[in-house]
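# 3D model of this:
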Amino acid sequence: MNQITKPRSLFLNLTQDLMFKNYFKLNRNLLKSLLKAFLPLPQNSSIKDITILDSLIPSLSSEEKSSLMDLRVQLDTGEFVNVEMQAFPHKGFTQRILLYWAKNYGSQIKTGEQYKTLCPAYSLIFSTFNLFSETKKFYTSFSIRSDEVPYFYFNKDLRFVTVELSKFRKREPSDLVDLREEWCYLLKESKRMGEREVKELSARGEEMKRAMFHLKELSREEGLRLVEEAREKAWKDQKARERDSFNRGKVAERRSLIISMLKNGMEISLLSKFTGLSEEEISKLRGLS
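Predicted coordinates:
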């Protein structure tokens, strides 16, 4: 029997870091639109120009690792911005983001320069998974300020903005209320969008019209398509390995618990009732106790 091939999506998956990076690096006007929508810039300020810097921040010592960011940007007003798309949760994630911010901030100053020349640095982090259980909001802005009233800032040069796309629930372009939600929708739904969604999103304004046109053009790049498919396959394989390892661990944990309960005199019939295992299976485990 011939295997049914799943049809390709219309567009690249912008929640893949490499696709995200290419999408915005090749169109700075769209990157300006993204930053304008998510950064807590001072009221009435605008981003007139941006410079995309080298994504690699060299190590400060021979023992330290260099840091590779998705997009490292400098605004015309001097602020530095680290922009990242994260699709995989891992331990130490927030510590890593803090370290990247510190390197980005510290890279500005050279020996002999005054500290007052330092410009504010932002970290704008998009994630496809939940970062914080304390809030249901998808957008959160963090800074350093006092813990008690009256609130005041220790220093305004540090700012973290997180966008948890996993918490963004709107599924139709007609439900969106502003540019921030439009970008969330485009980033999260890019791989699943059909012609209707494309038409509705493009009709919302010039910025989304340009965003959709650029996505269409980039999605025609066969090389990027092949990279995307290879990375998605690798991700699925990794998740399958993790799931198998977890299941094996759960089986071993349950078996150890049953053996312990047998040692403490619990009857096989009761164990069978509460665990779902047959009495025969439990009897075999008793032989291991």
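# check contacts around residue 76.
Counting by Cβ atoms under 8 Å, 6 or more residues apart in numbering, residue 76 touches 47-50. C-beta here means a position set from N, CA and C on the backbone, and glycine is covered the same way.
# could you export those as CSV, including pLDDT and distance to residue 178?
As requested, the contacts of residue 76 are exported to CSV (pLDDT from 0 to 100; distance: Cβ to Cβ, whole Å):
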residue, pLDDT, distance to residue 178
47, 87, 17
48, 86, 21
49, 87, 24
50, 90, 21
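# what's the closest non-adjacent residue to residue 138?
Leaving aside its sequence neighbours, residue 138 sits nearest to residue 167 (Cβ to Cβ, 6 or more residues apart in numbering; 4.0 Å).
# can you give me the strands for this protein?
50-53, 56-57, 67-68, 71-75, 80-86, 121-127, 139-145, 153-164 (DSSP state E).
# helices or strands next to the fifth one in the packing?
The reference is to strand 80-86. With contacts defined as 3 or more Cβ pairs under 8 Å, 6 or more residues apart in numbering; DSSP states H and E, strand 80-86 has these neighbours: helix 17-25, helix 28-38, strand 71-75, helix 93-106, strand 121-127.
# strands paired with the third one, and their directions?
When pairing is defined by DSSP bridges, strand 71-75 lines up against strand 50-53 (antiparallel), strand 80-86 (antiparallel).
# with respect to burial, which of the ones you listed scores highest?
Of all those, strand 80-86 carries the top mean neighbour count, a mean of 23, counting by mean count of other Cβ atoms under 10 Å.
# how many other residues sit next to residue 14?
25 (other Cβ atoms under 10 Å).
# picking that back up, of the contacts of residue 76, buried ones?
47, 50 (16 or more other Cβ atoms under 10 Å).
# of all pairs in the contacts of residue 76, which one is the farthest apart?
48 and 50 (8.6 Å; Cβ to Cβ).
# right, and residue 168 touches residue 185 too?
Yes - Residue 168 is in contact with residue 185 according to Cβ atoms under 8 Å; the separation is 7.4 Å.
# of these two, which one has the most company?
residue 185 (23 against 19).
# run through who's touching stretch 22-39.
By Cβ under 8 Å, 6+ apart, stretch 22-39 touches 12, 14, 46-47, 50, 52, 71, 73, 75, 81, 83, 122, 124, 139, 159, 161, 163, 178-180, 182-183, 207, 210-211, 214-215, 218, 224.
# right, I mislabeled it, should have said stretch 186-199
Residues contacting stretch 186-199 (Cβ under 8 Å, 6+ apart): 9-15, 20, 85, 126, 128, 165, 168, 171-173, 201, 208, 211-212, 215.
# buried sites along stretch 122-129?
Buried-residue list, stretch 122-129, by 16+ other Cβ under 10 Å: 122-128.
# hmm, back to that, could the strands of the chain be laid out in CSV, adding distance to residue 267?
Formatted as CSV, the strands of the chain follow (distance: least, Cβ to Cβ, whole Å):
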stretch, distance to residue 267
strand 50-53, 69
strand 56-57, 64
strand 67-68, 59
strand 71-75, 63
strand 80-86, 50
strand 121-127, 49
strand 139-145, 52
strand 153-164, 48
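# would you single out the least confident of those strands?
Mean pLDDT across the strands of the chain is lowest at strand 67-68; the value there is a mean of 66.
# low-confidence ranges, the stretch 101-250 of the chain, go.
111, 235, 239, 242-250 (pLDDT under 70).
# 80 instead, please
Along the stretch 101-250 of the chain, the model assigns pLDDT under 80 to residues 110-112, 224, 227-250.
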